[in-house]
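Participant: I need the structure of the sequence given here:
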Amino acid sequence: MARNLTPNAIAKVNAGDLDLKPVVQVVDVSPVGADRFRILVSDGSETQHALLASQLNGLVKGGRLRKGSVVQLLEYIGSTLQNRRIIVVLNMEIIISEGEVSGNPNILPEVASSASLSGWPRAASPNGASGSPSPSRFSNNSLTNPNNNSENFRPTVQPSYKPPPNYRNRGAIMKNEAPPRIIPIAALNPYQGRWAIKGRVTSKGDLRRYNNARGDGKVFSFDLLDSDGGEIRATCFNAVVDRFYDVIEAGKVYLVSKGTLKPAQKNFNHLNNEWEIFLEAASIVELCPDEDSSIPAQQFNFRLISEIETIENNSIVDVIGIVTSVNPTATILRKNGMETQRRILNLKDVSGRSVELTLWGDFCNREGQDLQELLDSGFFPVLAVKAGKINDFSGKSVGTISASQLFTNPDFPEAVRLREWFDGGGRSTASQSISRDVIPGIPRNETRKTVLHIKNEGLGRGERPDWITVKATVSFIKTDNFCYTACPVMIGDRKCSKKVTKVGNGNWCCDRCDKEFEECDYRYLLQAQVQDHTAVTWVTAFQESGEEILGCSAKELYMIKYEENDDTKFGDVIRRSLFEQYLFKLKIKEELYGDEQRLKVTVIKAEKVDPSTESSYLLDMISKMGF
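Facilitator: As a prediction, the model looks like this:
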């Protein structure tokens, strides 16, 4: 076996030979961090540390790469940290999966056991701290010569990564510093020094504001894709946002350097990369003036709708299908009290399955409206969804998130094949929904209850709110304090809407935004009683649901009562709303007021009962009872 290994491979690689493609043997495999592996490779006499790029993790997890494996290193780069030499392996071929260790390699003591990780550099922690190895353990001599023979010490040489030929470095080089090496995104790791990546922005997130114990702040992120298919997210906070938010454009190619690598927060980052770049004051983002055709505009991993049935909840997927229906936009009250828009549509594909796709926020009025108009004209469009989130409540569905992207009738091979299938007979092919079957006109996941069920079933007293639909009438509305003065300042894609107060100069002031303005908004905070044939309960209706009940805006009703002082007209508006039959979508949750637990019932949507739709619902319920 020893004769098959590349002689002196370790020395040649450490000297900067990146074209060697040596055959070496793996003499140790061990984990580093949550999802990274390091190996110790041997040429039969010398050994060398090597870190596997994340795309090679499957070789270890699948059992193909193990102690004794003989491999050929096809792509790799070298790096030095704390005077310690490591190799980052980007691609390899397994020649022999298992075998005895060949030759007599010098095994470094601190890595002789795969359970010993104390000698390996630690990745940066989420708060920016990192563990540094002790200098006494990691001298140059102990790394290059396990016998600590200083006269045989061989100084390490940092190889340079060759940039693509179509990129030229521009501008003066200050302080005699060489430009950072352009490396593949897949090769990024915290053990490198100066680096640069070249990638296309495939997605630019919205500017978001936040408030926590450390104060107010703002943040935005963008995703980069390089010519090797590597993806990574870059995130900016506060002052860095001001530098780069207007600079970054989706679809453009940039050279990014001098950022800090931290573990990706997988709750918010769906990309196939364990690292995320945090840009700082010293970071550099340069627009590449020459478009690089080697970098694709977008990268997809489409899944058939039939496959979504077996995918775990909250997973992020790419899906493509024919849009067969689009529902109207509805206003939803989120758990944080903020309102948002929701629109549900249906997709079908060649797998014989269909799925509900829920559009949230601006997607409803941008792509959602365009899709509605196409369907109204008799055309069934192809829709590709990048980064949709799986939901398994009452069947599987897909929903948009902030990182999602929608492509209508894209020029993709998958879209062309889907269109040919649909026009060639797929239009009339029956498909089974993997989402909960619904009756046309009845909202998805509707749970009908009576008012008495709220008390008898203890709704709202668990850890999560209960959501029900009740058919009832409004029997009483409180007419004092039916609305409040609200802040009109936009925060991201929505208004602040916090209560504002009038100051001495006649302006309105918002404590949250710390701003004054001449005009304020008026928003409903409506207290009402609703009743059906079983019981009566108090409910609270906010802006949109208040407008649905009263038929006018809060500002209009405020002006009638307090500016026009027209009590008769005001009373007519209130009386018109009484004893009308509505379908109330209610959110029920027990909340703490002072030291007392109270049940809060919030109207999310109030829709007047349509006799035809309600009749269909009742007939369906009767048929399910077996009558």
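
Participant: tell me the buried residues in the longest helix anywhere in the chain?
Facilitator: If each helix of the chain is counted by residues according to DSSP state H, the longest one is helix 611-624. The neighbour-count criterion (16 or more other C-beta atoms under 10 Å) identifies Y617 as the buried residues of helix 611-624. (C-beta placed from N, C-alpha, C; glycine too.)

Participant: what sits against E519?
Facilitator: Contacts for E519 (C-beta atoms under 8 Å, 6 or more residues apart in numbering) come out as 488, 508.

Participant: please renumber so the chain begins at 700
Facilitator: Fine by me, first position is 700 from now on; the one you just mentioned is E1218.

Participant: and it, helix, strand or coil?
Facilitator: Under DSSP: H, G, I helix; E, B strand; the rest coil, the three-state class of E1218 is coil.

Participant: break this structure down into its structural domains.
Facilitator: As given by automatic domain parsing, the domain ranges for the chain are 701-851, 875-986, 1004-1132, 1147-1181+1224-1319.

Participant: which of the ones you listed has the lowest mean pLDDT?
Facilitator: Between the domains of the chain, the lowest average pLDDT goes to domain 701-851, which shows a mean of 69.

Participant: quick one: the helices in the protein, in order.
Facilitator: Taking DSSP H as the test, the helices found in the chain are 708-713, 756-760, 839-843, 938-943, 1004-1007, 1061-1064, 1066-1075, 1112-1122, 1150-1155, 1242-1249, 1253-1257, 1266-1276, 1310-1323.

Participant: in the fifth one, which residues are buried?
Facilitator: Yep, that's helix 1004-1007 we're talking about. Buried residues in helix 1004-1007, defined by neighbour count with 16+ other C-beta under 10 Å: 1004-1005, 1007.

Participant: equivalent analysis for the first one, please.
Facilitator: Using 16+ other C-beta under 10 Å as the burial criterion, the residues of helix 708-713 that qualify are 708-709, 711-713.

Participant: quick check: the nearest residue in space to K1148 that is not next to it in sequence vs T1149, distance?
Facilitator: Excluding its sequence neighbours, the residue lying closest to K1148 (C-beta to C-beta, 6 or more residues apart in numbering) is I1167, at 4.3 Å. Distance of I1167 to T1149, given as C-beta to C-beta, to the nearest Å: 9 Å.

Participant: between the two, which one's more packed in?
Facilitator: The neighbour count for I1167 versus T1149, taken as other C-beta atoms under 10 Å, is higher for I1167 (21 against 15).

Participant: what residues are up against the more buried one?
Facilitator: If you count contacts by C-beta under 8 Å, 6+ apart, I1167 has them with 1146-1148, 1152-1153, 1158, 1284-1285, 1287.

Participant: go again using 6 Å as the cut-off
Facilitator: By C-beta atoms under 6 Å, 6 or more residues apart in numbering, the contact list for I1167 reads 1146, 1148, 1285.

Participant: and it, bridged to which residues?
Facilitator: Judged by DSSP bridges, the bridge partners of I1167 are L1285.

Participant: how much space separates it from K1284?
Facilitator: As defined by C-beta to C-beta, I1167 lies at a distance of 8 Å from K1284.

Participant: number of residues surrounding T1107?
Facilitator: 14.

Participant: and for the nearest residue to it once chain neighbours are set aside, the neighbour number?
Facilitator: With sequence-adjacent residues excluded and distances taken as C-beta to C-beta, 6+ apart, T1107 is closest to P1080, at 5.4 Å. Using other C-beta under 10 Å, P1080 is surrounded by 19 other residues.

Participant: my guess is P1080 contacts L1073, does it?
Facilitator: Yes: shown here, P1080 and L1073 form a contact pair, counting by C-beta atoms under 6 Å, at 4.8 Å.

Participant: show me which of the contacts of I1167 are buried.
Facilitator: Of all the contacts of I1167 considered here, the ones buried according to neighbour count by 16+ other C-beta under 10 Å are 1148, 1285.

Participant: the contacts of I1167 into a markdown table, with extra columns for distance to N703?
Facilitator: Shown next, in a markdown table, are these (distance: C-beta to C-beta, whole Å):
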| residue | distance to N703 |
| --- | --- |
| T1146 | 67 |
| K1148 | 73 |
| L1285 | 72 |
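
Participant: before we move on, the earlier item: so which of the helices of the chain is nearest M1189?
Facilitator: Comparing the helices of the chain against M1189 with C-beta to C-beta, the closest turns out to be helix 1061-1064 (12.7 Å).

Participant: in the closest one, which residues are buried?
Facilitator: Residues of helix 1061-1064 classed as buried: 1062-1063 (neighbour count, 16+ other C-beta under 10 Å).

Participant: L1151: what's it in contact with?
Facilitator: Contacts of L1151 were listed using C-beta under 6 Å, 6+ apart, and they are 1233-1234.

Participant: contacting residues around the closest residue to L1158 other than its chain neighbours?
Facilitator: Closest residue in space to L1158, ignoring its immediate chain neighbours: D1165 at 4.2 Å, by C-beta to C-beta, 6+ apart. Residues in contact with D1165, defined by C-beta under 6 Å, 6+ apart, are 1158-1159, 1287.

Participant: who wins for most neighbours among those?
Facilitator: With neighbours taken as other C-beta under 10 Å, the top of these is I1287, carrying 22 neighbours.
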